[in-house]
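1. make a model of this:
(chains A and B)
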Amino acid sequence: MSEHAHGHEEHSFWRTYVFSVDHKVIGLQYLITSLLFLLFGFTLVLLMRWQLAFPGQPLPLLGRLLSPEAAPGGVIGPMFYNQLGAMHGTIMVFLGIVPLAVGAFGNYVMPLQIGAPDMAFPRMNMMSYWVYLPGGLLMLLSFLLPGGAAQSGWTSYPPLSVINPGQTMWLVSMVFLITSSLLGSLNFIVTILNMRAPGMTLGRMPVFVWAQFVTAFLLLLAFPPLEAASILQLMDRVFHTSFYMPAGLVIGGQTTPWTGGGQSLLWQHLFWFLAHPEVYVLVLPPMGIVAEIIAVNTRKPLFGYKELVGSMAFIGVMSFVVWAHHMFLSGMSTTLSNFFLVTTMIISVPSVAVLTCLILSLKGASIRFTTPMLFALAFLPLFGIGGLTGLPLGLTVTDIYLHDTYYVIGHFHYVVVTGSLIALFAGTYHWFPKWFGRKLDDRLGKIHFWGTTVAMNGIFLPMFIIGMQGQSRRLYDPTAHLHNLVGQPMHVVSTVSAFVLLIFQLPFIYNFFNSIFNGEKVDSNPWKATTLEWQCPSPPPHGNFASVPRVHRGPYEYSDPAHKDDWLPQDAEKAVAPV
Amino acid sequence: MSAHAPAVQSPYENTGVPDGKLAIWLFLASEVMLFGTLFTSYIVLRTAAASWPRGWDVLNVPLATFNTFILIASSVTIVMAHAKAAARDKKGFMLNMGLTVLMAFVFLVVKYFEYSSKFAHGHYPSTSIFYGIYFTTTGLHGIHILGGIAWNLGLMWWANRDGWDDRLFIGRVEYAGLYWHFVDVVWIFLFPALYLL
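-> Sure thing, here's the model as predicted:
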């Protein structure tokens, strides 16, 4: 494409910072936007946590600002609580973690790592951001609708989702987000296949690029089923078709316009057919980030590059045939649930293989305990807890007891918060010098790290206990049931930890914005890393590389005794003997 | 973007397949998942339904057969348009692409009459699951036809301006053809599934 040959002409302010086609600017747009969405989604759950720990008590400070319908007298109402739950899940998954892991990190780092001047389709890249943003804003605006935002959980199970207010906006917004992810994933795959610098064979690509490659396929092939399912749900809501609706539905003594004959289970299947690969969309790029950081900070090649890449590809394929393990209790023949039990146990094998390779990479290393490395190291055991607690949910027998309890919430958040989010923090500290030419402050980073990891465990560890005590996960007021009272102190621990987590994000927010302007200036390769993104200036100019880099070796050539330095860049001509 | 694109092949394009061609095939793969989901839903809903009308009892099979032929013919003309573009015959390209667009319009006009006769008889998407599936799948297919018309008209407009001699021109005609064949194939599945089974 002609875009490959970049001129260096000046662009206006709008073309440089707002409607830019440069993958780096788009990556930063995604970065800032998704971090803001993450903060917003976190605020929503803080309101919920308050209600769970202190049910019926008015919210301090914020309570008076909320509308009287949502929170009469400052006490969060049940309908508003449901909206918070649905929107927290939706915002964190679709507007926070995925755009951060793929839109921000993928967009900025992946083309640099393969030595490309930009993405294959720069304008399509810009479009994908400008479709994502209105989709996200529509989702936020839905709080202002009469009746409020969607309130049927992020899973939107019918018939409730077809009846409840707010859902139409949710569906329309999802169509925007799905379109954005389609444009992005097409672009990622073509870029990785076609735009690699000479010598950058598939077997020399950094693990992060492989992770983005597999992720892009998941986005490409798993999202269209949700789009189709959303269209059907939209038809049910707007034109009163009955794809998901039973016959003879009566609400409040009144008959409803749906003639019936549909199947609400159909939605669950279609939704989870997307949403299980989606879990791996949330997990694979963070795994790639952790692999990069571990290689740099252990100063030795990763253990089992091929095994890592093969496992990630196998996870990608298998993630399409495990979806119904979310539905063991929804009504399914035992033959089918046995099938999904087996596939679920199979997919845990490559996940464990990835983790094993990463842990074995530490063996015998003289580890540099930098802030990104601390986050990456914390990822290993914490993601491990998330993964291992998933096994009892994948086994039909234990799932009967644990299904739909707080245990599920604990498991999922260990995977996505102490797993993915921790890794994304690690990536932020790791690549920040590349983005802005300045480092994040190390002391603030360590405060952020210790506070964050301790607080996260304080939030989610109690959930396993509450869940095993049998508490259902979507209760507005857990104390309404006598048998839940025993778990109430745990809810208080969890809520207090959530507020502690908020407090420990303040040093990060300050550090982030302050370091853009005042951080310690660093050269283009402050970590002494081998991959290509560190072999161009920080921040890289338009077009990235002064000349097309030639790649001579694999991505992790650290501590080669035949070379004078302990790192040998991928594009270095040949090793230089030590003096 | 430089006005003088270099004549040499870029050092990129590792696979030897142009970016656009990779992208269109990936896009079609995602489209297969989209329509595949709708077909799956159709099968699930139909097998579970207490009763399901015979397509030929409630829908207009002759009109749909006519539309099927129209779409297949338009697939032929778009291949011709691509061949003419490759042979650098601009008039032939315009003629065949114009015919493709014309037939796409004919398809939509016929569809319009089919829809309005259903509405006139009081059959709406909410009437039954069958009509729900019928209107949703054919409606989504119709939107894809509209997209194809826009794409093909855009190519004709571009050819008339400065696109005809652009090195990307023939490729883009080919991608339009791939997309158009896909839209055609979706109809080839929809027609028996809705009208004949």
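
2. what's the nearest residue to residue B:25 if we skip its chain neighbours?
-> Nearest residue to residue B:25, sequence neighbours excluded (Cβ to Cβ, 6 or more residues apart in numbering or on different chains): residue B:178, at 7.4 Å. Just so you know, the C-beta spots here come from the backbone N, C-alpha and C atoms, and that holds for glycine as well.

3. so that neighbour sits against residue B:28, correct?
-> Yes. Assessed by Cβ atoms under 8 Å, residue B:178 is found in contact with residue B:28 at 6.7 Å.

4. re earlier: packing partners for the helix or strand that contains the residue nearest to residue B:25?
-> Using DSSP states H and E, residue B:178 falls within helix B:169-191. Helices and strands touching helix B:169-191, by 3 or more Cβ pairs under 8 Å, 6 or more residues apart in numbering or on different chains; DSSP states H and E, are helix B:19-48, helix B:61-86, helix B:90-120, helix B:129-158.

5. please report how far residue A:333 lies from chain B.
-> Distance of residue A:333 to chain B, computed by Cβ to the nearest Cβ, to the nearest Å: 14 Å.

6. tell me the angle of the helix holding residue B:178 relative to helix B:129-158?
-> 160 degrees (axes from the mean of the first three to the mean of the last three Cα atoms, to 10 degrees).

7. list the buried ones in helix B:169-191?
-> B:169, B:171-177, B:179-184, B:186-187, B:190-191 (16 or more other Cβ atoms under 10 Å in any protein chain shown).

8. centre of the chain versus it, how much separation?
-> Its chain's average C-alpha position is 5 Å from that of helix B:169-191, according to Cα atoms, centre = their mean, to the nearest Å.

9. how about low-confidence regions in chain B?
-> B:1-13 (pLDDT under 70).

10. circling back to that earlier point, show me what contacts the residue nearest to residue B:25?
-> B:24, B:25, B:28 (Cβ atoms under 8 Å, 6 or more residues apart in numbering or on different chains).

11. most neighbours out of these, which is it?
-> Counting neighbours by other Cβ atoms under 10 Å in any protein chain shown, the top entry in the contacts of residue B:178 is residue B:24, with 21 neighbours.

12. okay, now the unreliable bits of chain A?
-> Residue ranges of chain A with pLDDT under 70: A:1-11.

13. distance of the residue nearest to the spatial centre of it relative to chain B?
-> For chain A, the residue sitting closest to the mean C-alpha position, by Cα atoms, centre = their mean, is residue A:97 at 2.8 Å. For residue A:97, the distance to chain B equals 21 Å [Cβ to the nearest Cβ].

14. using the three-state scheme, assign that residue.
-> Under DSSP: H, G, I helix; E, B strand; the rest coil, the three-state class of residue A:97 is helix.

15. for it, give me its contacts.
-> A:34, A:38, A:282, A:416, A:420, A:421, A:424 are the contacts of residue A:97 under Cβ under 8 Å, 6+ apart.

16. most neighbours among those, which one is it?
-> Comparing those by number of neighbours (other Cβ under 10 Å), residue A:420 comes first, having 27 neighbours.

17. count the neighbours of the nearest residue to it once chain neighbours are set aside for me.
-> Distances taken as Cβ to Cβ, 6+ apart place residue A:286 nearest to residue A:420, at 4.3 Å, with adjacent residues excluded. Look at residue A:286: counted by other Cβ under 10 Å, it has 29 neighbours.
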